[in-house]
Each structure stands twice: as structure tokens, then as C-alpha cells.
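Visitor: my questions are about this predicted structure, shown below with the sequence.
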Amino acid sequence: MKPTDLGTYAKNTWCPGCGNFSILNAMRAVLAQLDEEGLPVEEVVLVSGIGCHGKIVDYLNVNSFYSIHGRTLPVATAIKLANPERKVICFSGDGDCLAEGLDHLIFAAKRNIDITLILHDNRVYGLTTGQYTPTSPQGFKGKSTPLGSAEPPMNPPELMLVSGATYIARGYTHGIDLLQRLFKEAILHKGFSFVDVLQVCMTYNNLYESYNKCVYEMKGNDTSSFDEALRLSRSWRYDGPDAPIPLGRFYQVDAPSFEEVFPGFELVDLDEAKREKKISEVLERMI
Amino acid sequence: MASQLMAGNSAVIVGAMYAGCDCFFGYPITPASEILHEASRFFPMANRKFVQAESEEAAINMVYGAASAGHRVLAASSGPGMSLKQEGITYMAGAELPCVIVDICRAGPGLGNIGPEQSDYNQACKGGGHGCYNNIVLAPASVQEMCDLTARAFDCAFKYRNPAVVLADGVLGHMVEPLRFPERALDQGIETAWAVAGSAATRKNMITSIFLDFDELETHNLKLQKKYQRIKESEVAFEGYRLDDAEVVAVSYGISSRIARSAVDAARKDGIKAGLLRPITLFPFPAEEIRRLAGRGCKFISVEMSNGQMREDIRLASGCEPVQLVSRYGGNLIGLDQIIEKIREVA
């Protein structure tokens, strides 16, 4: 399968130069590659939220669910529980899953459900034309913060670490090779995997120059160490324009995922006849 | 007084500021975001509180908090956000708290699109959340009314200690017309002795919607119902246009009423005795006037960008059957010809 096989005829309405294009291209390449390597694309389900990022599911010829603002993860959680053998990949924006749906993000990490979440982190509400989000730097002047936002930003990798996510990484839309590598690692990881993608919004928050100056790729860091991941994730706090910004994998550990420890889930692996027999036994006990 | 070209969403903030609104809590949503933007610009300048909340639910609960402290609070949203706010609104109705919520209605259901519709009629006028309650609902039809009715909504909300909704749509929010600024800021001498202001004087006040005792809650409900009855008796507002000798009456509010007005004029030119009844309050609905016109033998057409939600109220008030419906969905405005045709058919 070639990445172009995963394209659709939907008209793309993102602004020219939008970071979403890199995420789309990287995901398309990774899904095509995984298909070649034995993960059929038919077994993948994509879920998006509401915001500019949400349209990505229209541009990928893969099973998908265009969900509700902030509710990407509850929808994905249920899809995963209903069909645990499926690969479930979520796309969400910083407004979508750090504001309206923050509770769901924390719970997905806490449960360590086997879902991948790609955060389109452009640090602005793009679709509603330029308000500050939870990751906008303090002092951000958007349409609803003409005097500069008063709040310090949230640090998503740090938040995910303390919430229980078992794979945490950060990519950048102008580093496509790294982005593809991280997407692939995240998808193959068993448990909740989170990739914070620093994404430029050409129209409302173009941080291209500042990011280019500051990003560096972490090498040789101990990704099994919670403390080291915490230190590295806190080394840049989404505020100052000139602090070095680490990219790459912060953290990856093995831990039982939600579906594995979900009570009664052994039924899923039984064949049809055995499963029916077992269910009949349960029903008889209720009489 | 000064007059200025302005969009409807901006006029909401003018009305709110003149009405002494001192808190705004919002969340971005198209086509209502400009209300948030204007509030963020002007509220801090006047030392009033503005917060872009982390979610629609957070915003409405901030409204709940500030309203309980006796403040004049405004929120604005659109369909998907209004649905999320219903929890807070029913609690405020139960706790008898005043607030104003502007709904710049967009096309639904679900995500729908950002074009105009009037499909939030039932949600706004029939409660919307759980329990037996009503919002006061005002329906502007111009940029001027976006300002004036927002201000009036504060007065109604405080007079009855009840949530008030200004029900507009994406066109009214975005269209630009001259706005005559209010003559003066409205009198804020409204009784707020009931509030919990964190002071010795309000220490014994209680704001709650929980009444565990069945009879106590029933008594509370009966009190609320009496209040809605008083609102129905005192607050009905509507505009009648060419109704004096009308035989066919188009009932229409908001942006649709402006098209219906043109249709009435066109029908009159053809010699049809057509008129327009434009509800300015949707709750309370101008039922008495419709009853009066029905008694005179008028036939009714409901002109609304929804599936006959208002038509049900016209049916109930008039006792007429059928009441014809002219509607469009999906973000489309009703066509002038569509209404004229229906008037001809009914006449």
C-alpha cells in the first residue's frame, strides 16, 4: 500500500501552510507502512474531535468517527472496549482535549487504555478564529485576550506523565521524520500513548521561527525513568520564546492496559459457541 | 444620542454594559464568538469581570456562582454550547437566580453547521433542562433590538429572579445596521437582598435548588409556576403589522419576521388582507393576541426556520387547525416567494 492510497476526494479547507498537513502526511505514511508490516489499515479506527484538526478524518481513507467537541476520548474508549482487537487512534486539538474535554484526557491516561492520542497543539482556537487555549503562553494576545492572557500555560506531557500515560512524546510539524517515528512508536505501544505535536497555525499563531530556533531532539535520555521524563518535560513550560524545546520520546513503560484488566474481558477471546454457552449460564443464574 | 454601524453580536455587549452587566463568562463558538471578543475588550476597561472559561459547562457554572452573589451576569453561546449549558440553567431556574444567556442559534441537530436556524425554540422556550421550569425568552429582529432586548432581559431576569434567554441567530449576530446607543445606563437599583454576598447582611440567605422533603419541593414548584403565570400576565411583548383588517396572519420572529414583513407588503399589493404578528417575547408567548385574532376568523401561517416548533404554540393559542408552516433548514433563510405563495394559498 502506498500512502497516496489513503487519500480521499474531500476538499481540503485548511489554510495554506497549516501544520495539520504534516500530521496528515506523517499519519498517512505510517498507516501505509504499518499495513505493509502486518497491521491492516481496515483494522484501524480514527476518531477526531471538533476544531481545525477534526477534518483530518475526512482526508484519510480509513474507518473514522468525527466526534463531539472535547469528547474524542470517551467515544474512542467505547470503540476500543467494543472491539479490543482494533487499533484506535485519536486526533484532538489543544482546545478540544485540554479545555472542553480535559477530564476525559486525564481518565484515558489514568486507565491506560490502549489508544493513541495525537495532540494537534497549535496553542490557539483556530476554527473560532483566534482565542487563547490552555497551552497559549501567558500574555498571549488573541481575540478574547486583547490585554494578554492572564493564565500560565498547561504543560501536556507533564500532565500526562502524572496522570498515568505509558507513552509520552513530543513532535514538531516541521520535523516529518521524527513525527513519523513517534507516530509509529505510539501506535505500536500497548497502553495509552500521547504525542504532543507542536503545530504552527499560520493564521492565528505562527510560531514557526521561534520553534525552529528552539527545538532539539533528545538523545540518550532514559525513557523508562519517571523522574527523568518529569525533568525533561518540565524543562520547557510552554512559556518563554527562547527556552530550548525537547522533542522526541519522554517516557515509555509497560503496564497493564484497561482492556487487559477489564472484568469479564476474557469472553472476547472465546469462540462464538463457547461465548454463547457462557452467557446462557449467566442468564440462567438470574432466573 | 450617538448612532453607529455595528454588528448584532457587538450590540449585545453595548446593551449588557448599559444594563449594568458586570460579569461575562464565555467559551469560543461560532457564530457567537464576537460577543466573547467584545466583552474581552470592553469589560476590563470598565473594571468588569471577563473570563474565557475552559468549557461551556465551566462558563455556565461561573454564571451560577456570580448570579448567586447578586451580580448581573451574561453568557453567550450557540446550539452545541447551549445544550451543554442546560445543566446550569435548570439549577439557576430552580435556585431562582437571574442571568442573561444569549443564544446565537445555528443549524442543527448535532454539530450541524454555522448557518442560521431558529431550531433552539423549544430548548429555550420550554425549559431545556430537566424539571418544570421556564426561561424568559426575548427574540430580537434587528441590531437595535440585539442591544435593547439584552438590556431588557437583565431587567426581566432580576424582576423575577429567573434566567432570561435572548434568542437570536447567526444572521442577526453578524449583520451590520445602525445602532442608536441607549439614552442612559439603566437603573441598577434592583433588589438583591436575597443574594449571598459574603457579608453580615446576607449571612442568613440561602440559594439552593435542593429540597429533599417532597412536600417542600412541591411547594417550591408551585411557587415557580405562579411566577411563570405572573410573567405570562405582565411581560408579553409583540409587534403587530397591518393586523387591523388582516385575514391571513403570518406569525414570525427574529430574522424570519423581516422576510415575512416584506411578504405581507407584497400580498397586500395583490389585494390580500395579510398581516404580521411578530412575537418579541417567545416566553411568554403572545397567546392572548393570537386568540383575539382567531376569534375574528384570522388564518395563521407560522414562518420559522425550524420544524414547526413555534407552530405548536400558535395552534394551542388559536385553536385553529391547520396552522400552515413555512420553513427552511440547514442554515438557509426562508425565501420571500415561499411566504407569498403560502399566503396566497391560505387566503
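Guide: Happy to help now that I have it.

Visitor: tally of neighbours for the residue of the stretch 151-287 of chain A at minimum distance from chain B?
Guide: Taking Cβ to the nearest Cβ, chain B has its nearest neighbour within the stretch 151-287 of chain A at A:Glu151, 9.4 Å off. Every residue, glycine included, has its C-beta placed from N, CA and C. Burial of A:Glu151 is recorded as 16 neighbouring residues (other Cβ atoms under 10 Å in any protein chain shown).

Visitor: so A:Met27 versus chain B, what's the distance?
Guide: Using Cβ to the nearest Cβ, to the nearest Å, one gets 22 Å for the distance from A:Met27 to chain B.

Visitor: my guess is that residue meets A:Phe183, correct?
Guide: Yes - with contact defined as Cβ atoms under 8 Å, A:Met27 reaches A:Phe183; the gap is 6.0 Å.

Visitor: which helix or strand contains the nearest residue to A:Ala165 once chain neighbours are set aside?
Guide: The shortest distance from A:Ala165 to any non-neighbouring residue, by Cβ to Cβ, 6 or more residues apart in numbering or on different chains, is to A:Ala109 (4.0 Å). Using DSSP states H and E, A:Ala109 falls within helix A:102-111.

Visitor: angle of the helix or strand following that helix against helix A:102-111?
Guide: As assigned by DSSP H and E, the chain's next helix or strand after helix A:102-111 is strand A:115-121. For strand A:115-121 against helix A:102-111, the angle by axes from the mean of the first three to the mean of the last three Cα atoms, to 10 degrees is 140 degrees.

Visitor: so what's the nearest residue to B:Glu96 once chain neighbours are set aside up against?
Guide: Nearest residue to B:Glu96, sequence neighbours excluded (Cβ to Cβ, 6+ apart): B:Arg161, at 4.3 Å. Counting by Cβ atoms under 8 Å, 6 or more residues apart in numbering or on different chains, B:Arg161 touches B:96-98, B:194.

Visitor: just B:Ile255 next, same as before
Guide: By Cβ under 8 Å, 6+ apart, the neighbours of B:Ile255 are B:116, B:118, B:141, B:169, B:171-172, B:305, B:333.

Visitor: burial check on the residue of chain B found nearest chain A, number of neighbours?
Guide: Closest residue of chain B to chain A, Cβ to the nearest Cβ: B:Pro28 (3.7 Å). B:Pro28: 27 surrounding residues under other Cβ under 10 Å.

Visitor: so it, which state does it fall into?
Guide: Look at B:Pro28: counting by DSSP: H, G, I helix; E, B strand; the rest coil, its state is coil.

Visitor: so where does A:Leu46 fall, helix or strand?
Guide: Per DSSP H and E: A:Leu46 is located in strand A:44-48.

Visitor: that older thread, so, if you compare the contacts of B:Arg161, which one comes nearest to A:Gly19?
Guide: Set against A:Gly19, the nearest of those by Cβ to Cβ is B:Leu97 (43.2 Å).

Visitor: now that closest one. Nearest residue, chain neighbours left out?
Guide: Using Cβ to Cβ, 6+ apart and skipping the chain neighbours, the partner closest in space to B:Leu97 is B:Ala67 (4.2 Å).

Visitor: tell me what the one helix or strand the one you found maps to is packed against?
Guide: Element membership for B:Ala67, per DSSP H and E: helix B:56-68. Helices and strands touching helix B:56-68, by 3 or more Cβ pairs under 8 Å, 6 or more residues apart in numbering or on different chains; DSSP states H and E, are strand B:23-26, strand B:49-52, strand B:73-77, helix B:79-94, strand B:99-107.

Visitor: tell me where the model's unsure across the stretch 51-200 of chain B.
Guide: The stretch 51-200 of chain B contains residues with pLDDT under 70 at B:187-189.

Visitor: quick one: name the residues of it near chain A.
Guide: By Cβ under 8 Å from any Cβ of the partner chain, the residues of the stretch 51-200 of chain B that approach chain A are B:52, B:54-56, B:80, B:111.

Visitor: so how far is the first residue of stretch A:51-60 from its last?
Guide: 17 Å (Cα to Cα, to the nearest Å).

Visitor: wait, does it make contact with chain B?
Guide: No - Stretch A:51-60 lies out of reach of chain B by Cβ under 8 Å from any Cβ, never closer than 9.1 Å.

Visitor: and the closest residue to A:Met202 other than its chain neighbours, which of the three is it?
Guide: Excluding the flanking residues, the one nearest A:Met202 by Cβ to Cβ, 6+ apart is A:Gly17, at 4.1 Å. Per three-state DSSP, the local secondary structure of A:Gly17 is coil.

Visitor: neighbours around A:Gly17, how many?
Guide: 14.

Visitor: ok, it touching A:Val200?
Guide: Yes - if you go by Cβ under 8 Å, A:Gly17 and A:Val200 touch, sitting 7.4 Å apart.

Visitor: picking up where we left off before, and the angle from the helix holding B:Ala67 to helix A:102-111?
Guide: 130 degrees.

Visitor: so where is the stretch 101-250 of chain A shaky, pLDDT-wise?
Guide: Scanning the stretch 101-250 of chain A for pLDDT under 70 picks out the ranges A:241.

Visitor: hmm, try it at 80
Guide: Residues of the stretch 101-250 of chain A meeting the criterion pLDDT under 80: A:240-242.

Visitor: nearest to chain B within the stretch 101-250 of chain A, name that residue for me.
Guide: For the stretch 101-250 of chain A, Cβ to the nearest Cβ, closest residue to chain B: A:Thr128, 3.7 Å.
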